[in-house]
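Q: Just need the structure, nothing else, for what follows:
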Amino acid sequence: MTKDNLHPFSEAILSWYSSNARDLPWRQTQDPYVIWLSEIILQQTRVAQGLPYFHKLLNTFPTINHLAEADEALLFRNWQGLGYYSRARNLHKTAKLIAQKYHGLFPQTYHELVKLPGIGPYTAAAIASFSFGEAVPVVDGNVFRILARYFGIEIDIMQSSARKEFTEIAQQLIPTDYAATFNQAIMEFGSLQCSPVPNCGTCPLRLSCVAFETQRTQLLPNKSKSKAPRNRYFNYFIVVQRNKFLVRMRADKDIWQGLWEFVQHETLQVAELPDAIGPFENLLTFPTTELQAPAKHLLSHQRIFTRAWLIQVPDNVNIPVPENFQWMDAQDFENCGKPVLILNLITDNLVLHEWLHE
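A: The predicted structure follows:
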């Protein structure tokens, strides 16, 4: 397909993009490492929020070999605040795999890229088209939304068969000679024009858009409701002695695996002392002060309700260290990767902030 025989949809998208594309750094290169890094960051992050992290990570790990050789703790430290830490783990795993198996060079086809950890169909298509010119369409929530509205597609996008149907349609629309530009264009169109609340008044597709013609722009795409988020109740105890904190790395197969936190006990509902401290009740023999804690922390499928207490252990007292915990200097803990919830807890309490930033 060339520009002489484009589908009217594709022609309109490309024309719109030529006048509306944002100047973003990953659009100025065909380097698959840079493109991959940007795509992983933006999987669950808005551009405005992700851009500073993109620059920071690229400055810290300028090549895939730098990332592959880095300690995971350094990656987590630089990723801190982006959330969805499984993305960072897969980023590190894939960097090592490419450095070792592929000698630092990315595979150049969609079918090879999609086999790598953390690289799904969307990211593989983005790298394959932007870096290597392969005519394979990107299909994500933006593309579901645009195509569902324009063609009046009723299929529930939460069904497993939806991706196949939308991918087949997108494959028919992508121009072989302009695959990278078309993929960039449709992504940008979904972000800026055909967003969840669309700007139909200036849309170049509105006169041929089924959803606009039938007044169903707010009904498409068809998406079944997801399950209600799970409520969890975390009680944190910031145990301090001689400017050291009692901390642990989360190792369970749960949220925030590989990140560091204070002593924590989870309860079935909001709890008061001593129930809130659970198996660590021996710590209540020392002066305890309740701290300000984030009332509710939202994750994609969980709501975490938090309470926190400061426990100051006298310098001359030795306490048994719970299993998997250790005493850590304030500065060392400051340099560890931590969940956003812990960062907010520190920020909200001046005494903790001062300890960690002396």
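Q: Outline the domain layout of this protein.
A: 3-213, 230-356 (automatic domain parsing).
Q: So what does Gln312 look like in phi/psi?
A: For Gln312, the backbone dihedrals (degrees, to the nearest 10) come out as phi -100, psi 110.
Q: Just the pLDDT for it.
A: As predicted, Gln312 sits at a pLDDT of 94.
Q: number of nearby residues for it?
A: Neighbour count for Gln312, taken as other C-beta atoms under 10 Å: 14. Yep, even glycine has a C-beta here, placed from its N, CA and C like the rest.
Q: and it, bridged to which residues?
A: With DSSP bridges as the criterion, Gln312 is bridged to Val240.
Q: Does it touch Phe286 like I think?
A: Yes - in this structure, Gln312 is within contact of Phe286 by C-beta atoms under 8 Å, at 6.2 Å.
Q: check which helix or strand covers Phe245.
A: strand 244-249 (DSSP states H and E).
Q: repeat for Asn324
A: Per DSSP H and E, there is no helix or strand for Asn324.
Q: Distance to Pro221 for the domains of the chain - can I get that in JSON lines?
A: Formatted as JSON lines, the domains of the chain follow (distance: least, C-beta to C-beta, whole Å):
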{"stretch": "domain 3-213", "distance to Pro221": "4"}
{"stretch": "domain 230-356", "distance to Pro221": "19"}
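Q: Out of these, which one sits most buried?
A: domain 3-213 (a mean of 17; mean count of other C-beta atoms under 10 Å).
Q: Show the average pLDDT along it.
A: On average, the pLDDT along domain 3-213 is 95.
Q: repeat for stretch 216-228
A: Here the average pLDDT along stretch 216-228 is 90.
Q: Which residues does the host helix or strand of Ala128 contact?
A: Per DSSP H and E, Ala128 falls inside helix 121-132. Helix 121-132 is contacted by residues 30-32, 35-36, 39-40, 43, 106, 108-110, 113-114, 116, 119, 134-140, 163, 167, 179-180, 183-184 when judged by C-beta atoms under 8 Å, 6 or more residues apart in numbering.
Q: Tell me where this structure has strands.
A: Along the chain, counting by DSSP state E, strands occupy 230-241, 244-249, 260-267, 288-291, 296-298, 302-312, 326-329.
Q: between those strands, which gets the lowest average pLDDT?
A: Across the strands of the chain, strand 296-298 has the smallest mean pLDDT, namely a mean of 90.
Q: gap between it and the chain center?
A: 16 Å (C-alpha atoms, centre = their mean, to the nearest Å).
Q: That strand: partners in the sheet, and parallel or antiparallel?
A: Strand 296-298 is paired, per DSSP bridges, with strand 302-312 (antiparallel).
Q: List the contacts of the nearest residue to Ala68 once chain neighbours are set aside.
A: Leaving out its chain neighbours, the residue that sits closest to Ala68 by C-beta to C-beta, 6 or more residues apart in numbering is Ala99, at 3.7 Å. Neighbouring residues of Ala99 by C-beta under 8 Å, 6+ apart: Ile64, Asn65, Ala68, Glu69.
Q: Would you reformat those residues as a markdown table and include distance to Leu24?
A: Conversion of those to a markdown table gives the following (distance: C-beta to C-beta, whole Å):
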| residue | distance to Leu24 |
| --- | --- |
| Ile64 | 20 |
| Asn65 | 25 |
| Ala68 | 25 |
| Glu69 | 28 |
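Q: And the one residue sitting closest to the centre of the chain, how close does it get to Gln108?
A: When C-alpha atoms, centre = their mean is applied to the chain, the residue found nearest the centroid is Gln44 (3.7 Å). For Gln44, the distance to Gln108 equals 27 Å [C-beta to C-beta, to the nearest Å].
Q: just checking, Ala180 touches Val136?
A: No - with contacts counted by C-beta under 8 Å, Ala180 stays clear of Val136, the gap being 10.5 Å.
Q: picking that back up, how about the domains of the chain, which one is nearest Ser224?
A: Minimum separation from Ser224 across those (C-beta to C-beta) falls at domain 3-213, 4.8 Å.
Q: Just list whatever residues bridge to Trp261.
A: Residue 261: Glu, not Trp. With DSSP bridges as the rule, Glu261 is bridged to Arg248.
Q: if I look at it, how far off is Val247?
A: For Glu261 relative to Val247 (C-beta to C-beta), the value is 7 Å.
Q: And Leu284, by the same measure?
A: Look at Leu284 and Val247: by C-beta to C-beta, they are 19 Å apart.
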